[in-house]
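**Q** Okay, structure incoming, though there's no sequence with it:
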């Protein structure tokens, strides 16, 4: 007999067992506490059901009716259609199930059903039909308001309801409401146990939103409290108080006002004797690298070393070459996976600035006096990877860079413990890129336009989603497209090929040839997505644009428009789905990275946004950072208003919920 506890494995609950426990695990439910917080995604209000005669085309309706006839069409085929004629006192309607002919064994003539689904007109008969989303056999004891839980194959609604009811009755008393009374009173939060019980088994619909608000608030409140604790921990650590030389090194150009503002924020951080933790957001081409170089110069002039980590060898090499032109007289070293191992540690100990990839965090790599860590495109590194580089010094200042505009809700969740600066101004002379949607019918005309640009001395990027042709996907592969363009389309020009499977040295040679204008048209995979700077490239062609995420499209477009000449982005695509059409429209409508990021976040969700899944997301019970941004802001305010005694009392709960994510 297991002791009654919230961490009791679900398989030990009456009626579950090992087999059902495995199905629950697919839904993320492994313990009693998981099940208590496994809430319905929707509700069927059976107190307001219509009769069959009252039905009109509608996205969602629920009816109660009797089975009058059952049939299956295409019974031997995979796309079998199960049709059930339903009747009530007012009329009849046909209910339709697709690819579920096994239900035939369950239905009996005269059986009463609750059926929920889309009401629509059958295009052949002209009569109304209901395409079933969910159904339930009427046993006479069905609740008036039915919770609709997420499902997985083999786990049925009635079974989930029965097990949830048992768990809520037997274990809800173990749930402790730890949100301080002062917070509940100020923000008018309802009782936690009432919210949980009522969301599982509501007696009426009017308070559902109030109960949901309470649980969403709790998720965000404890997480934001954790971010605050992590931030305060950094603030009390002894850091380096750098002396600031406001002259800096000589620049051949004037900084933008946004760059000056962000640089002042960095300088103010660096002169304080506590570690800096600052995130610099700036759209493609906004000049983050020069700001980072100016910060590096401060550390170096104080006798400290600087480490700059980038996600790819190409980007690391570009940073190395660019910063070397600014920090003349400094010893700068490049460290990547291809650097000769015997040279690594010895040379680093004597360097002022080390630019590198993941190779920087290898155990054998050490620094003499690391004072500043700069991490570029930091969302591409995991939390532990970033922390590991910082630990190679004694509380060095940390500066994170990203060209991926991060929506506010995501920034408050992932980077809420960092100070944030935004470079929201492009350098003068930049001409906005003109973006065009190109169907197959317009491809020939686009090629002619490209030919004229190349004849005028410009260069072209062509990006494909695959390296080699796939038998399963009808996509243009980079290797095949390079051959096609060289041999059949642009025979008079030099076409090059670049992809991630090439060795670092080969990639560098190709990029150098492209930069030297020895290659006119470079066909590539998304290896060129981040950081490649070719001012003479004025055209970006993206094949199968519908296969790319919206922010990725924006990043690729940012590879051009870096000179004074007008640049063009051609989206070659057949946008068939609504999502792909929305992405294309956003690209045509705007070049504002933050607007595009907001659209992308809503389309794709936070778990897949710009590769952020590598960093992970908090494991919230109920909250959704896109849907619930307003509650996030309220909960953050509440968490940061707490008194020290209240915070101390909640540390264990914060650690229990989010310790793994926050690195406690």
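**A** Happy to help now that I have it. Worth saying up front: this structure is predicted, and the values here are computed from it rather than measured.
**Q** Tell me, what's the model's pLDDT at the closest residue to residue 423 other than its chain neighbours?
**A** The spatially closest residue to residue 423, leaving aside those adjacent along the chain, is residue 282, at 3.4 Å (C-beta to C-beta, 6 or more residues apart in numbering). C-beta coordinates here come from the backbone N, C-alpha and C atoms, glycine included. On pLDDT, residue 282 comes in at 85.
**Q** what element comes up after the helix or strand bottoming out on mean pLDDT in the chain heading to the C-terminus?
**A** Lowest on mean pLDDT, DSSP states H and E among the helices and strands of the chain sits helix 341-348, with a mean of 56. The element immediately downstream of helix 341-348 (helix or strand, assigned by DSSP states H and E) is strand 353-356.
**Q** And that following strand, what's buried?
**A** For strand 353-356, the neighbour count (16 or more other C-beta atoms under 10 Å) marks 353-356 as buried.
**Q** Stretch 355-373 too?
**A** Taking 16+ other C-beta under 10 Å as the criterion, stretch 355-373 shows 355-361, 365, 367, 370-373 as buried.
**Q** Span of it from start to end?
**A** End-to-end span of stretch 355-373 (C-alpha to C-alpha, to the nearest Å): 10 Å.
**Q** Return the distance of that stretch from the chain's centre.
**A** Put simply, stretch 355-373 sits 28 Å off its chain's centre (C-alpha atoms, centre = their mean, to the nearest Å).
**Q** Kindly report the same for stretch 574-586.
**A** Chain-centre distance of stretch 574-586: 19 Å, with C-alpha atoms, centre = their mean.
**Q** And the average pLDDT for that stretch is what?
**A** Rounded mean pLDDT across stretch 574-586 is 86.
**Q** With stretch 594-613 instead?
**A** 66.
**Q** again with stretch 488-498
**A** If you average the pLDDT over stretch 488-498, you get 94.
**Q** Same question for stretch 358-372.
**A** On average, stretch 358-372 scores 85.
**Q** Break down the stretch 251-400 of the chain into its helices, ranges please.
**A** Per DSSP state H, counting those that start in this stretch, the stretch 251-400 of the chain carries helices over the ranges 257-270, 288-301, 313-326, 341-348, 383-390.
**Q** Dump the ones you listed to TSV, plus mean neighbour count.
**A** Shown next, in TSV, are these (neighbours: other C-beta atoms under 10 Å):
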stretch	mean neighbour count
helix 257-270	18
helix 288-301	23
helix 313-326	20
helix 341-348	14
helix 383-390	17
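**Q** who wins for proximity to residue 148 among those?
**A** helix 383-390 (35.2 Å; C-beta to C-beta).
**Q** Can you get me a residue count around residue 74?
**A** Neighbour count of residue 74, defined by other C-beta atoms under 10 Å: 11.
**Q** Next one: it from residue 125, what distance?
**A** 17 Å (C-beta to C-beta, to the nearest Å).
**Q** can you pull the buried residues of the longest helix along the chain?
**A** In the chain, taking DSSP state H as the definition, the longest helix is helix 208-236. Buried residues in helix 208-236, counted by 16+ other C-beta under 10 Å: 208, 211-230, 234.
**Q** now stretch 17-31
**A** 20-21, 23-24, 27, 29, 31.
**Q** could I get those as CSV with secondary structure, pLDDT and distance to residue 147?
**A** Below are the buried residues of stretch 17-31 laid out as CSV (DSSP: H, G, I helix; E, B strand; the rest coil; pLDDT from 0 to 100; distance: C-beta to C-beta, whole Å):
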residue, secondary structure, pLDDT, distance to residue 147
20, helix, 92, 18
21, helix, 91, 21
23, helix, 92, 18
24, helix, 92, 16
27, coil, 90, 14
29, coil, 92, 15
31, strand, 94, 20
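**Q** Widest-spaced pair of these?
**A** Within these, two members stand farthest from each other by C-beta to C-beta: 23 and 31, at 14.9 Å.
**Q** before we move on, back to that, will you turn the helices of the stretch 251-400 of the chain into a markdown table that also has distance to residue 620?
**A** Shown next, in a markdown table, are the helices of the stretch 251-400 of the chain (distance: least, C-beta to C-beta, whole Å):
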| stretch | distance to residue 620 |
| --- | --- |
| helix 257-270 | 31 |
| helix 288-301 | 31 |
| helix 313-326 | 33 |
| helix 341-348 | 41 |
| helix 383-390 | 17 |
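**Q** contacting residues around the closest residue in space to residue 659 that isn't next to it in sequence?
**A** In space, and not counting its chain neighbours, residue 659 is closest to residue 226: 7.8 Å by C-beta to C-beta, 6+ apart. Contact partners of residue 226, counting by C-beta atoms under 8 Å, 6 or more residues apart in numbering, are 654-655, 657-659, 662, 664.
**Q** make it 7 Å
**A** 654, 658, 662 (C-beta atoms under 7 Å, 6 or more residues apart in numbering).
**Q** and if you look at residue 528?
**A** So residue 528 contacts 461, 463, 498, 559 (C-beta under 7 Å, 6+ apart).
**Q** any idea which of these is least confident?
**A** Of all the contacts of residue 528, residue 559 carries the smallest pLDDT score, 84.
**Q** For the protein, which strand extends over the most residues?
**A** In the chain, assigned by DSSP state E, the strand with the most residues is strand 58-73.
**Q** any idea which of the contacts of residue 226 is the one closest to residue 112?
**A** residue 658 (46.9 Å).
**Q** Just confirm the closest one is within a strand.
**A** No - looking at residue 658 with DSSP: H, G, I helix; E, B strand; the rest coil, it is helix, so not inside a strand.
**Q** how near is the residue nearest to it when sequence neighbours are not counted to residue 629?
**A** In space, residue 658 comes closest to residue 226 once its chain neighbours are excluded; the distance is 4.8 Å by C-beta to C-beta, 6+ apart. Distance, residue 226 to residue 629, by C-beta to C-beta: 19 Å.
**Q** Ok, residue 598 next?
**A** 10 Å.
**Q** per-residue confidence at residue 380?
**A** For residue 380, the model assigns a pLDDT of 61.
**Q** typo on my end, it should be residue 317
**A** Value listed for residue 317 in the pLDDT field: 82.
**Q** For it, give me its contacts.
**A** So residue 317 contacts 334, 508 (C-beta under 7 Å, 6+ apart).
**Q** Swap in 8 Å and give it another go.
**A** 334, 336, 508.
**Q** and if you look at residue 35?
**A** 10, 13, 24, 29, 163-164, 167.
**Q** Run the chain-centre distance for stretch 547-564.
**A** 18 Å.
**Q** again, but for stretch 412-423
**A** With C-alpha atoms, centre = their mean, you get 16 Å for stretch 412-423.
**Q** neighbouring contacts of that stretch?
**A** With C-beta under 8 Å, 6+ apart, stretch 412-423 has contacts from 223-224, 227-228, 230-231, 234, 256, 258-259, 261-262, 265-266, 269, 276-283, 286-288, 291, 379, 400, 406, 411, 606, 612, 615, 617-618, 625, 632-633, 636.
**Q** Check the separation of the first and last residues in that stretch.
**A** End-to-end for stretch 412-423, by C-alpha to C-alpha: 18 Å.
**Q** and the residue lying farthest from the centre of the chain, what is it in contact with?
**A** No residue in the chain sits farther from the centre than residue 89, which is 50.8 Å out by C-alpha atoms, centre = their mean. Counting by C-beta under 8 Å, 6+ apart, residue 89 makes contact with residue 51.
**Q** do the same with residue 196
**A** So residue 196 contacts 36-37, 168, 172, 175, 211, 215 (C-beta under 8 Å, 6+ apart).
**Q** Would you mind giving those residues as TSV with pLDDT, secondary structure and distance to residue 585 added?
**A** Putting the contacts of residue 196 into TSV (pLDDT from 0 to 100; DSSP: H, G, I helix; E, B strand; the rest coil; distance: C-beta to C-beta, whole Å) gives the following:
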residue	pLDDT	secondary structure	distance to residue 585
36	95	helix	42
37	95	coil	37
168	94	helix	45
172	95	helix	47
175	95	coil	45
211	96	helix	37
215	96	helix	35
